[in-house]
Each structure stands twice: as structure tokens, then as C-alpha cells.
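>>> Return a 3D structure for these sequence lines:
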Amino acid sequence: MKFSLMLIGLAGVVAAEEKNLRVNVVPVNHEEKAPVDDFTSEHLDLEVIGEGGERELFPLLPGTRCPTGHTCRARTTSQGTSPMIGSIKSNMKTSLAMSLDWIDMNDNLKTVVMSNNFCTRRQAMTRAAGLAAGLTAAAVAKPAYAAETKEVKMGSDSGLLAFVPQKITICKGDSVKWINNKAGPHNVVFDEEAIPGGVEQEKISMIDEQLGEEGESFTMTFSTAGDYAYYCEPHRGAGMNGLLVVT
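Below is the predicted model:
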């Protein structure tokens, strides 16, 4: 984080020097500045004059001194928010944002290579692919972005009273979609004696509800790791049971 803030503070100076622009010398009258306290902070802008005479101001983070050999404009703000916010917003419109995204992408790729956990590797690879496609780090960091939904048929294609597949493994944050396939009606009821502690059976089960039409479905998201045993209430006696493993 410290490295990122240093980049933001120096972005204006680097941009000016790389473009071979000349810095306009503008005296700063420190006697006219407003007093600095918890709500009022000095904010320096590096003023640069382009080849065509146009003026640009490059905001520096509060506390960043004016670079040696250059002169900055000084102003103050008392809007209750730090001028750091404005500086960050201004600089994040530049290639700095891309640099930070590449750092985040590199971290995700390292996770893919080094992690021994399948779910961690899968999520890191999904986020890295999103960054490579041009999405922002904030967008791919959301838990739902790397989540998946797996499907389970209720009743086999040949009409057997079974969940297909009978056992399924997902990652925390993933969802399962049970689809009424054949020989309905069916439902999904979890065994309250065979689910992780702290999970409420009624909240994840189809209590007093059944799927009668083919193609109807029931979807649930799971965020607690552990084994979940479940069954179809109308066909429990026929052995229509299933197992969900959340890792």
C-alpha cells in the first residue's frame, strides 16, 4: 500500500518529465495559506505548461513536497474529506490503474501455481482471467464473481429414482441447482443430523414444497464447509439420497 501511494504522489512528476514539458514557476505565498488542522490540509498541485502553452495541474498527495527544481501551486480544502481522495481519483484515470491491476493479476497467478487447494486455485485463475479480459480488480474481487453453479438431476434419464450425480463437491460460495428430470414429484430435504454445525436445516431445504413439472428447479448457495446429506422426501424409502461436500 505504501508503494502504491508513493506512485500516486509521484505520478505528476513522472508524467511531466517523460513528456519533456517545462514547469511554469508560480510563486507560493505561504503566508496566505489557511491554517492546517484535522479538517484542513495543504494540497500541492504541480503546474506544467505543454508545448502548445496549455496548462496542466498534476495533484500530489498531502505531505508530498514539491519536487526539487519545480514550483507548485498550493491550495487548501475544508470539505471534511482528505484531498488524498481527489489525488487518487485523478491518478487512477491514468496507466497507474493498469499497473495496479497487473500487480493483482500477478498475485492471483502465483496463487494458482503455489496453492494446494483446488478451490483457491480455481478462484484465483478465474479472477486472473477477468483481469486479463479488462475487468477491474474491484469487480473480480467480489465473491460471487468466482463462484460456480453445479447441476444435479432429480430422477435419471431412464426414470430411476436417484439424484444424478449422487455425490457432488463444490467450493464455499458455490451453488447447486437441482432440476426435476424424471419420475417426479421430487424435492430436496437435508438431514438435520448430517449437516455442518450452525447450518439451519429449514433454510436450505424444500420443506413442504415439491417440484412436479419437468424442468422446474431449486437452487441454493452454500457458504459453510462440510458434508451435507439430503434426500427426496417422496422417494426416501426407495433410496433417493444424495451427498453434497462443500470445501
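>>> CA atoms for contacts and neighbours, from now on please.
Noted.
>>> ok, residues contacting stretch 235-247?
For stretch 235-247, the surrounding residues in contact (CA atoms under 8 Å, 6 or more residues apart in numbering) are 119, 161-163, 166-172, 186, 222-232.
>>> pLDDT on it, on average?
Stretch 235-247 shows a mean pLDDT of 96.
>>> circling back to that earlier point, in helices only, show me the contacts of stretch 235-247.
residue 119 (DSSP state H).
>>> out of the contacts of stretch 235-247, which are buried?
119, 161-163, 170-172, 186, 222, 224-225, 228-232 (16 or more other CA atoms under 10 Å).
>>> Among these, which pair sits farthest apart?
Within these, 119 and 161 form the most distant pair, 31.0 Å apart (CA to CA).
>>> and residue 138, that's in a strand?
No - read with DSSP: H, G, I helix; E, B strand; the rest coil, residue 138 is helix and lies in no strand.
>>> Okay, and which of the contacts of stretch 235-247 map to strands?
Residues from these lying in strands, with DSSP state E as the criterion: 163, 167, 168, 169, 170, 226, 227, 228, 229, 230, 231.
>>> and residue 187, how many residues sit next to it?
Residue 187 has 25 neighbouring residues, counting by other CA atoms under 10 Å.
>>> Ramachandran angles for it?
Reported as degrees, to the nearest 10, the phi and psi values for residue 187 are phi -150, psi 180.
>>> wait, it sits on residue 206?
Yes - at 6.1 Å, residue 187 and residue 206 qualify as touching, with contact defined as CA atoms under 8 Å.
>>> Domain-wise, how is this protein divided?
As recorded under automatic domain parsing, the domains making up the chain are 13-93, 96-146, 149-246.
>>> Name the nearest residue to residue 179, ignoring sequence neighbours.
Counting by CA to CA, 6 or more residues apart in numbering, residue 179 lies nearest to residue 217, which is 4.4 Å off, once chain neighbours are set aside.
>>> For that neighbour, list the residues it contacts.
Counting by CA under 8 Å, 6+ apart, residue 217 touches 177, 178, 179, 180, 211.
>>> bridging residues for the last one?
It refers to residue 211. residue 186 (DSSP bridges).
>>> Now for it, how many residues are close by?
Neighbours of residue 211 (other CA under 10 Å): 20.
>>> That one against residue 183, yeah?
No - the criterion here is CA under 8 Å, and residue 211 misses it with residue 183 at 10.6 Å.
>>> any weak-confidence spans in this protein?
Across the chain, the ranges flagged by pLDDT under 70 are 1-43, 49-52, 59-65, 69, 75-101.
>>> Right, I'll leave it there.
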